[in-house]
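Visitor: Sequence first, then the predicted structure:
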Amino acid sequence: MAKTNNDLLNILEMLVETPGPSGSEHLIRSKIEEEIRDHVDEIYTDALGNLIARKGKKAENGKRVMVSAHVDEIGLMVTHVDENGFARFISIGGVSPFTCIGGRVLFMNGTQGVIGIERLEANEQPSLAKLFIDTGATSREDCKVGVGDVCGFERPFMNLGKRLVAKSMDDRAAVAVSIGALKAIRETSNEIYFVFSVQEEVGLRGAITAAYGVDPEVGIAVDVTRTGDTPRGVKMEVSLGKGPAIKVRDSSFIADPRVINWMVEEAKAQGLPYQMEVLEAGGTDGAAIQRTRAGVPAGCLSIPCRYIHSPSEMIDVDDLQNCVELLTGMLEKPIEI
């Protein structure tokens, strides 16, 4: 069993409880910058809003590496407020109406609300068009949010011992892993660009521009992935507590075999548990890195996660720590790709 760093858990709790839907990542970006500034050689924010931190300088036997974890989360955007003060909305990223009903939300301006649903006809399925946000307003004029205002789900972090639960584990758990590795690396012959990317949930937009700017020789996305270990769940050979998942493919890209082998060999060298991952639906920043410029060998290190894109996403604490150790070991050593 991995010995979990309490600092890592404190960082994760801070990350998941900071709001930041796609396009509104300024608060979470500031928190991350404050956390890592003293541990890197260079740090800057690019034109799209990606936070990019460089650690190390490329030696003769080193590589320029991009490690990308996205900071944005799914959310909602107001499209209309009716005369009674109820706000209609559209989704930011993949939001299911089934996980919205009765949920609490927090707007970027501090306004809180709860999601309600219209009465449905017999056998009618809920849809986002049938939902509304109730902020407690009594009229349109009384409502503290308007068209274009953005909110995310509001749920506290829960430490259940071996399992951790929160909204936005996708992808704040991976952000915590990147921060943990960034702090743990002491010496490296590689020039590592830790990218905390924006707008992944709406099309990998931040990673696309960041990869072009960094121009890496090899790329690693860090993200969560689905599991197949719940009752009547999806058929998938990934479970909580069985180690980091090494992606082979998802619906957005096929990982480079050399990167897959690099991850597997490092896990074996450290004696870390690991799982091979084939994800039928979903994508990561790895696809954006892979396709930049003339192409980049890229892969993805995944944290197994239950209930992705819900207000209560669950990960395993040992998987989290083992991902940090695996990523750290990969980046400290010379890369033979």
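Guide: The structure has been received and is ready for your questions.

Visitor: where does residue 335 land on pLDDT?
Guide: Looking at residue 335, its pLDDT stands at 92.

Visitor: wait, what's in contact with the nearest residue to it once chain neighbours are set aside?
Guide: In space, and not counting its chain neighbours, residue 335 is closest to residue 63: 4.5 Å by Cβ to Cβ, 6 or more residues apart in numbering. Heads up, the C-betas are built off the backbone N, CA and C, glycines and all. By Cβ atoms under 8 Å, 6 or more residues apart in numbering, residue 63 lies in contact with 190, 191, 216, 217, 218, 335, 337.

Visitor: Tell me how this protein divides into domains.
Guide: 6-73+167-332, 75-153 (automatic domain parsing).

Visitor: And the residue lying farthest from the centre of the chain, how far from residue 128?
Guide: Here the centre of the chain is the reference, and by Cα atoms, centre = their mean the most remote residue is residue 122, at 37.4 Å. Using Cβ to Cβ, to the nearest Å, residue 122 is found at 20 Å from residue 128.

Visitor: now residue 297
Guide: For residue 297 relative to residue 128 (Cβ to Cβ), the value is 39 Å.

Visitor: Counting neighbours, go ahead and name the busier of the two.
Guide: Each of residue 297 and residue 128 has its neighbours counted (other Cβ atoms under 10 Å); residue 297 has more, 20 against 16.

Visitor: and the nearest residue to the more buried one once chain neighbours are set aside, what is it in contact with?
Guide: Leaving aside its sequence neighbours, residue 297 sits nearest to residue 256 (Cβ to Cβ, 6+ apart; 4.0 Å). The neighbours of residue 256, taking Cβ under 8 Å, 6+ apart as the test, are 290, 297, 298, 299, 337.

Visitor: Drop anything exposed from the residues you listed.
Guide: The neighbour-count criterion (16 or more other Cβ atoms under 10 Å) marks 290, 297, 298, 299 among the contacts of residue 256 as buried.

Visitor: which residues does the last one contact?
Guide: With Cβ under 8 Å, 6+ apart as the criterion, the residues that contact residue 299 are 219, 220, 221, 246, 247, 255, 256, 259, 260, 262, 263, 286.

Visitor: Same question for the second one.
Guide: When contacts are counted by Cβ under 8 Å, 6+ apart, residue 297 is found next to 217, 218, 219, 256, 258, 259, 290, 337.

Visitor: And the strands in the stretch 101-250 of the chain?
Guide: Assigned by DSSP state E, counting those that start in this stretch, the strands in the stretch 101-250 of the chain fall at 104-107, 112-117, 131-134, 150-153, 158-159, 163-166, 191-197, 218-225, 245-249.

Visitor: Now tabulate these in TSV and tack on mean neighbour count.
Guide: Formatted as TSV, the strands of the stretch 101-250 of the chain follow (neighbours: other Cβ atoms under 10 Å):
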stretch	mean neighbour count
strand 104-107	20
strand 112-117	18
strand 131-134	21
strand 150-153	24
strand 158-159	13
strand 163-166	20
strand 191-197	27
strand 218-225	27
strand 245-249	22
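
Visitor: Of all those strands, which one is nearest residue 85?
Guide: strand 131-134 (7.9 Å; Cβ to Cβ).

Visitor: if we can go back for a sec, out of the contacts of residue 299, which comes closest to residue 325?
Guide: residue 263 (12.2 Å).

Visitor: Confirm that the closest one sits in a strand.
Guide: No - per DSSP: H, G, I helix; E, B strand; the rest coil, residue 263 lies outside any strand segment and is helix.

Visitor: That one against residue 323, yeah?
Guide: No - taking contacts as Cβ atoms under 8 Å, residue 263 lies outside contact range of residue 323: 10.5 Å.

Visitor: burial of the closest residue to residue 220 other than its chain neighbours, as a residue count?
Guide: Nearest non-adjacent residue to residue 220, counting by Cβ to Cβ, 6+ apart: residue 67, 4.9 Å away. By the criterion of other Cβ under 10 Å, residue 67 has 28 neighbours.

Visitor: could we number from 28 for the rest of this?
Guide: Yep, numbering from 28; the last one is residue 94 now.

Visitor: shouldn't residue 138 be in contact with residue 173?
Guide: No - counting by Cβ under 8 Å, residue 138 sits too far from residue 173 to count as a contact (10.4 Å).

Visitor: Pick out whichever of those two has more residues nearby.
Guide: Taking neighbours as other Cβ under 10 Å, residue 138 and residue 173 compare with residue 138 leading, 18 against 12.

Visitor: So for the more buried one, what's the pLDDT?
Guide: 97.

Visitor: Contact partners for it?
Guide: Counted by Cβ under 8 Å, 6+ apart, residue 138 has contacts 162, 171, 172, 176, 178.
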